[in-house]
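Engineer: could you work out the structure for the sequence below:
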Amino acid sequence: MTEQPIRSELRDGVAIAHLDDGKANAFSHAMISALRGHLDRWGADGGAKAVLLAGRPGVLSGGFDLKVMGAGPNEVHGLVAAGAELFCGFLEFPLPIVIAATGHAVAAGAIALLAADARLGAAGKFRIGLSEVAIGMTLPTSPSQAITQNAHAALWLGPDEWLLIAPADAVSPLRPTTPDGPAALVDVSHRNCGLIISGPDAARLLSAGCPLNLDPAAFPVGTSTRTLFGKAEIVLWRTKPETFRLEFWRSFAPYVAGLLSEALRDVD
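Structural biologist: Here you go, the predicted model:
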């Protein structure tokens, strides 16, 4: 990261803020604080007639800082709240705010564009948009969180990785973007196998091969995570109090089925 995430100058009555953190121009606490300082400086009768925010060549902003977004719910809430306050400040600012999209503008970068009074865009094959629009739902940002909407589900696997579960005819049109820029969408339908375990003894049955504490207090409804079932890596998602969904490679299906059969005899 450069020493200062933005560089300010006054040119012909326009207060210009050049965003450049040396990477994706992520909306970190430092970037948000610097932008607020820029607006405070020029909005308090600093001699400017308008404000221009511009990224560096190739990128306006890749969205919120992924390191913070993957740190935990409190950190996510703090950063998103700070960003929301900044963007609301754009709408209430006494001077016109123009944003020059010099490249990719995704996630919070796209929201910043929407909050400006006017927008300019550089020519090029750049991605501008929100993941939520591309897939028709909000991606979870908190660790081990799963979000469902209609027939779609998004499971958090890491700060920059999700497992999307959708009807077969909804997979190919999806073109999501992530907070760090354009993303790769890989169809793993041919590779994965899904299995639903449901009933009063579902958690007990899974505990025969899963090391996690599946008590509802420790693993509530809506929780999903990578874990092991025996020696097979799985994604485990609690969809209801007594219902779990397992996702694993098809090549592990005979092994998982055999281990479940053995565990079922012990449960019975």
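
Engineer: could you use CA atoms for every contact and neighbour count after this?
Structural biologist: OK.

Engineer: ok, longest helix in the chain?
Structural biologist: helix 73-92 (DSSP state H).

Engineer: what is it packed up against?
Structural biologist: Applying 3 or more C-alpha pairs under 8 Å, 6 or more residues apart in numbering; DSSP states H and E, we find helix 73-92 packed against helix 29-43, helix 66-69, helix 108-115.

Engineer: most packed of these?
Structural biologist: Of all these, helix 108-115 carries the top mean neighbour count, a mean of 21, counting by mean count of other C-alpha atoms under 10 Å.

Engineer: tell me the helices and strands packed up against that one.
Structural biologist: Helix 108-115 packs on strand 58-61, helix 73-92, going by 3+ C-alpha pairs under 8 Å, 6+ apart.

Engineer: which stretch among those comes nearest Ile32?
Structural biologist: Smallest distance to Ile32 across the helices and strands packed on helix 108-115 (C-alpha to C-alpha): 6.7 Å, for helix 73-92.

Engineer: and the next helix or strand past that closest one?
Structural biologist: Downstream of helix 73-92, the next assigned helix or strand under DSSP states H and E is strand 97-101.

Engineer: given that following strand, what are its sheet partners and their directions?
Structural biologist: strand 50-54 (parallel), strand 118-121 (parallel) (DSSP bridges).

Engineer: got the CA coordinates for the next helix or strand after that strand in PDB?
Structural biologist: For strand 97-101, the following helix or strand on the C-terminal side (DSSP H and E) is strand 103-106. Below are the C-alpha coordinates for strand 103-106, written out as PDB (Å, rounded to 0.1, in the frame of the first residue of the first chain):
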ATOM      1  CA  GLY A 103     -11.400   0.800 -14.500                       C
ATOM      2  CA  HIS A 104     -13.000  -1.900 -12.400                       C
ATOM      3  CA  ALA A 105     -15.700  -0.700  -9.900                       C
ATOM      4  CA  VAL A 106     -17.300  -3.600  -8.100                       C
END
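
Engineer: buried set for strand 103-106?
Structural biologist: Of the residues in strand 103-106, 103-106 count as buried by neighbour count, 16 or more other C-alpha atoms under 10 Å.

Engineer: now these as a markdown table including distance to Phe252 and pLDDT?
Structural biologist: A markdown table is the format used below for the buried residues of strand 103-106 (distance: C-alpha to C-alpha, whole Å; pLDDT from 0 to 100):
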| residue | distance to Phe252 | pLDDT |
| --- | --- | --- |
| Gly103 | 43 | 89 |
| His104 | 40 | 89 |
| Ala105 | 40 | 86 |
| Val106 | 37 | 83 |
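
Engineer: from the residues you listed, which single one is nearest Ala54?
Structural biologist: Among the buried residues of strand 103-106, and counting by C-alpha to C-alpha, the member closest to Ala54 is Gly103, at 9.8 Å.

Engineer: show me what contacts that closest one?
Structural biologist: Gly103 sits next to 55-60, 121-122, 124, 126-127 when contact means C-alpha atoms under 8 Å, 6 or more residues apart in numbering.
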